[in-house]
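> Next come a sequence and a model predicted from it.
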Amino acid sequence: MSTVAESREKQSAAVVDAPAEFLTFRLGDEEYGVDILKVQEIRGYDSVTRIPDAPDFIKGVINLRGTIVPVVDMRIKFRLGKAEYNEFTVMIILNVSGRVVGMVVDSVSDVMQLGSEQLRPPPDIAGAVSSKFITGIGTLEDRMLILVDIEKLMSSQDMALIESATVQ
Amino acid sequence: MSGIDLKRFHRTFFEESFEGLDAMEAALLRLDPAAADAETINSIFRAAHSIKGGAGTFGFTDVARFTHVLETLLDAVRAGKHQLTVEDVDCLLRSSDMVRGLLKAAQDETPADNVSADALAAELSQRLAGPQAAASVAAPAAASAAASSAGWQVLFEPKPELFLSGNDPLRILRELQSLGDCEVRCRETQLPTLAEADAERCYLAWELSVRAAVKRERIAELFAWVDEECRLEITPLAAAAPAPEAKPAAPAAAAPAAPAAPAAPAAGTNVTPMAVARKPGEGADAKSDAAASIRVATGKIDAMINLVGELVITQAMLQQLANRLDPVHNEALLQGLSLLDRNTRMLQEAVMSTRMLQVDAVFSRFPRLVRDLAGKLGKQVRLQLIGENTELDKTVIEKISDPLTHLVRNSLDHGLESTEERLAAGKDSTGQLTLRAAHQGGHILIEVIDDGRGLNRQRILAKAAERGLPADPNMSDADVFQLIFAPGFSTAAEVTEVSGRGVGMDVVKRNIQALGGSVELSSEQGRGTTVLIRLPLTLAILDGMSVAIGDEVYIIPLSAVIESMQPHENQVKTIAGQSTVLRVRNDYLPLVDLRDLFGLSGERRNPCEAIVVIIEAEGRKVALQIDELVGQQQVVIKSLDRNYRRVRGVSGATILGDGRVSLILDVAAIVRLFGQAMAA
């Protein structure tokens, strides 16, 4: 493994504009990573108020210190894992495009630093997550991280989180 | 540090200048040219002066050059060298618009309209130099010529009530002085002791010797406005001199200013009641108020309001926890909590009040608007503002201004008759328009009252029939008047430049309803119309009724709730086997289960085992079925679409005492939604 300094240098030279640090989380058997700078905090899943007319993966809204924040369950959205809610269920609070969104995942793993040599372009796949939201694949020994452009994903039409996305 | 960057002061300069202009405009509007009081003139002068000074400092030469001319004229007025006329006031008003335009141009760094500015500046100087210039030059000349030889002895003894008619003896004295050398002796023999003195009564009398070669009439003329309220003796000065009548040339030159002034009431508009009504002391009070305030960014206040909202919620949470405690063992803690409760509420009220503005912020634009419009329509209108000090939330003020403007325009255009019509109907030729604001409970009432022709019931009904609106000759007056708020409705026989295009009243109503308010109309034919607007004091807090469906708690704005009830079996009927209606007294209301509407899980209940809340919006009622009533509470409104999007049937969210989020129902949307569903 190259040193951190080296990897940083290489990264800035590379065309890949992926940031250096990722927060990784699990959905079913898969491991995902999002830009750490988009993450505001991690907290437990607590009482969510349901919203009428919302798709099933939007669980509702919570009170985050006085702000009303919508919560999406990625397990339902990506159809991965079982959507169970107990005291171990965690939520990643994201700050994307000036909005605050809560994202329910199976578990949060750790924060990782990836050098450009560890990044691979995304394969062409079709499925619940369109490849346009995947910026790349990170490899770390035998682990595979799916790197998601969370900003693009959360503002996209299929998340139905933003006004313009719902007017069809 | 090389020099000071003046740019960072620009914003303050512009803000202050615009404020100064507002003050100047307001002062100009309440200025009665015939009896201009010194304080008003001074405040106008000060505004112009500080704008000129600032503009000079910051290098806005266009502004500075123009305001200099303006200031020169005002200075002459202030010094009593120039007598204001109605035309002057118009010109000054246009000048204040011009300064505003120039300042805007400077602010946006766009080229200023120098051509019009120069034209107006030329007009200003011309006004200054016009006949009055001759007067101010001629009078001293005449005076010096005759100073030693001729003059008048004047005894001026006003009745105590002089002030009540709005006259200021000082102004007369000052004017006398402008005629020539004046020797003034004040007689204070009538002056009571301080304890007995009434500030609104005049106890003084004056003996004056005017050493000026003018006609007796010229002096008498100055007292023309007060001659019924004083004892006036004008005798020739002892030093018998050539008869003043022998010098007709000088008086003729000195005269023109005064005759222009009495012409004021005849000249079209007449919007000066406030000047008369105001007591001399008030101007000074307003000034000291201004000094005791500070400028705070609204963002800071909003942040404070949010934090206090949080505090209230936290407090409620603590209270809930404390309810479980044993009151005997935890007496001290519970006492502390109840104290906290009281302090929190007081803090909340205090913080909310920082956002409160006087309704004057909107009202103040109307004197100008009414003056301009009345001029355009050729009507005589007297505007009266009552309760300008009533306070309400800044956001409400911002949003009420357009609907109010619309209503005022309507009243002027359609409500008030032309002078001839008024005289024919045996009314005062000047129409009366009143804007009144007052608090009532948690609401503010704003009334727009005119004494015009009133609403024509027959014409509204005819028009409604023409438009295919549901109209019935037996409808109550209130219902008939409500038809005016239907989209596209206008009874004006012709479309004018001011209003009458049929857009508007529906928009007015919609805007006011969007604020959680309501509009009512009352009218008597031939006597006038009153529009009553009822608004919540603030948009940040709402009186709500909390209702439960399963585990979910929803808030219904209390203002929309008519009643709640548990229906009897024989009250629930179906139409075509699908739509359910509820018979309440003699009305059949659509019955909607909130569970269906919001697609909530859980078993549907029989309406007879549930609770029904009857809600009303936009004149339509709907019976909403819920599981149970939880209670009534004030809730802090939070935006749902800040992080999410708008949701059908939901106007916002709030946080309950236990920290959970609860959605606030959008009653208007539900009523509309269900109306559509029924129609489909």
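Cool, the structure landed.
> so what's whichever residue of chain A sits closest to chain B up against?
Closest residue of chain A to chain B, Cβ to the nearest Cβ: residue A:52 (3.5 Å). For every residue, glycine as well, the C-beta is placed using N, CA and C. With contact set as Cβ atoms under 8 Å, 6 or more residues apart in numbering or on different chains, residue A:52 has these partners: B:597, B:598, B:599, B:600, B:647, B:648, B:649, B:650, B:663.
> Could you give the backbone dihedrals for residue 49?
If you meant another chain, say so; for now it's chain A. The phi and psi values for residue A:49, taken as degrees, to the nearest 10, are phi -90, psi 130.
> let's do chain B instead
Backbone torsions for residue B:49, taken as degrees, to the nearest 10, come to phi -60, psi -40.
> Tell me the predicted confidence for it.
Reading off the confidence values, residue B:49 has pLDDT 80.
> cool, and residue B:282?
42.
> Not counting sequence-adjacent ones, nearest residue to the residue of the stretch 401-550 of chain B found nearest chain A?
Among the residues of the stretch 401-550 of chain B, residue B:550 lies closest to chain A, at 9.6 Å counting by Cβ to the nearest Cβ. Nearest non-adjacent residue to residue B:550, counting by Cβ to Cβ, 6 or more residues apart in numbering or on different chains: residue B:602, 4.4 Å away.
> how about that neighbour, what does it touch?
Contacts of residue B:602 by Cβ under 8 Å, 6+ apart are B:549, B:550, B:595.
> and the last one, that one's in a strand?
No: according to DSSP: H, G, I helix; E, B strand; the rest coil, the state of residue B:595 is helix, so it is not within a strand.
> wait, isn't it in contact with residue B:604?
Yes: between residue B:595 and residue B:604 there is a contact at 6.2 Å, judged by Cβ atoms under 8 Å.
> Between the two, point out the one with more neighbours.
Between residue B:595 and residue B:604, counted using other Cβ atoms under 10 Å in any protein chain shown, the more crowded position is residue B:595 (20 against 11).
> about what we covered before: secondary structure class for the residue of chain A closest to chain B?
Applying three-state DSSP: residue A:52 is coil.
> Look up the pLDDT of the closest residue to residue A:89 other than its chain neighbours for me, please.
Nearest residue to residue A:89, sequence neighbours excluded (Cβ to Cβ, 6+ apart): residue A:45, at 3.9 Å. Residue A:45 is assigned 88 on the pLDDT scale.
> what about residue A:45, how many neighbours?
18.
> and it, what does it touch?
Neighbours of residue A:45 in contact, by Cβ under 8 Å, 6+ apart: A:71, A:85, A:89, A:90, A:91, A:104.
> Quick check on those: which are buried?
Buried subset of those (neighbour count, 16 or more other Cβ atoms under 10 Å in any protein chain shown): A:71, A:89, A:91, A:104.
> Show me the two of those residues that sit farthest apart.
Farthest apart among the buried ones among the contacts of residue A:45 by Cβ to Cβ are A:71 and A:89. That separation is 10.7 Å.
> Mutual contacts of the two, please.
Each of A:45, A:104 lies in contact with both residue A:71 and residue A:89 under the rule Cβ under 8 Å, 6+ apart.
> Nearest residue to the residue of the stretch 551-680 of chain B found nearest chain A in space, please, no chain neighbours.
The minimum distance from the stretch 551-680 of chain B to chain A, using Cβ to the nearest Cβ, falls at residue B:598 (3.5 Å). Distances taken as Cβ to Cβ, 6+ apart place residue A:52 nearest to residue B:598, at 3.5 Å, with adjacent residues excluded.
> Much appreciated, bye for now.
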